[in-house]
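Student: Predicted coordinates and the sequence they were generated for:
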Amino acid sequence: MKKLRLLLLLTPCLAIASTTVPDAIKVPQGQVAYLTVAAKGQQIYQCSFNQGQYAWQIQAPDAQLFDSQGQIVGKHFKGPIWEYKEGSQVQGKILSRADMVPTAISWMLVQIISHKGDSIFTKASYINRINTQGGLPPSLGCDGNHLGSEKRVNYTADYVFYN
């Protein structure tokens, strides 16, 4: 598994070629993958009370983004926003999800809805989140005594940028 992940990081467009992307999150016809970055960070959850039940609700990701040489090239946070190291950003809107592994957060298709600045990130029209590990909400600990509390859950993923 480690060898495959390293291969995906070293050859950005190979991430899609080596990974079967489910139809539910495929980008529209004509879009071409041009960049893959690896994310390592946390999904932030907050204990809330809705419709008579306590549950952990997703608040935001908080992750660093790495290039194929393992250098930090940006960050991913609430919005959802992907920010390149010099400050340019893209903000997305989640279009669809695919639950691929019971122990990891969903794979996603995100459409870019706004651009700020000019960088390799801001050339994107769509982003796929694939190859996720971890990041699921906590299974316990959300009750009346913990209402409003936050928990951070580690996750990793690959984000594939398309234009």
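Tutor: Structure's in. What do you need? The structure presented is a predicted model; accordingly, all values stated were derived computationally and were not measured.

Student: Could I get the contacting residues of the residue most central in space within the chain?
Tutor: Nearest to the mean C-alpha position of the chain, counting by C-alpha atoms, centre = their mean, stands residue 129 at 4.8 Å. Residue 129 makes contact with 106-108, 110, 157-159, according to C-beta atoms under 8 Å, 6 or more residues apart in numbering. Glycine gets a C-beta too; all of them are placed from N, C-alpha and C.

Student: Kindly indicate which of the residues you listed lies nearest residue 140.
Tutor: residue 106 (21.0 Å; C-beta to C-beta).

Student: can I assume the closest one is in contact with residue 98?
Tutor: Yes - applying C-beta atoms under 8 Å as the test, residue 106 and residue 98 come out as touching, 6.1 Å apart.

Student: Quick one: distance of stretch 96-106 to the chain centre.
Tutor: From the chain centre to the centre of stretch 96-106 is a distance of 11 Å (C-alpha atoms, centre = their mean, to the nearest Å).

Student: which outside residues touch that stretch?
Tutor: Contacts to stretch 96-106, defined as C-beta under 8 Å, 6+ apart, come from residues 22, 24-25, 43, 107-109, 129, 132-136, 155, 157.

Student: Run the chain-centre distance for whatever helix or strand residue 130 lives in.
Tutor: When secondary structure is defined by DSSP states H and E, residue 130 falls within strand 126-134. The chain centroid and the centroid of strand 126-134 are separated by 5 Å under C-alpha atoms, centre = their mean.

Student: how about that strand as CSV, C-alpha atoms only?
Tutor: Output for strand 126-134, consisting of C-alpha atoms alone and laid out as CSV, is shown next (Å, rounded to 0.1, in the frame of the first residue of the first chain):
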residue,chain,number,x,y,z
TYR,A,126,-13.2,20.6,-10.4
ILE,A,127,-11.4,18.7,-7.6
ASN,A,128,-11.8,15.0,-6.6
ARG,A,129,-11.0,13.8,-3.1
ILE,A,130,-9.9,10.2,-3.4
ASN,A,131,-7.8,7.6,-1.5
THR,A,132,-9.1,8.7,1.8
GLN,A,133,-8.0,7.2,5.1
GLY,A,134,-9.6,8.0,8.5
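
Student: what's downstream of that strand, the next helix or strand?
Tutor: Of the helices and strands lying after strand 126-134 in sequence (DSSP H and E), the nearest is strand 150-162.

Student: and the gap between residue 138 and residue 56?
Tutor: Spatial separation of residue 138 from residue 56 under the definition C-beta to C-beta, to the nearest Å is 5 Å.

Student: what's the overlap in contacts for the two?
Tutor: Residues touching both residue 138 and residue 56 (C-beta under 8 Å, 6+ apart) are 45, 151.
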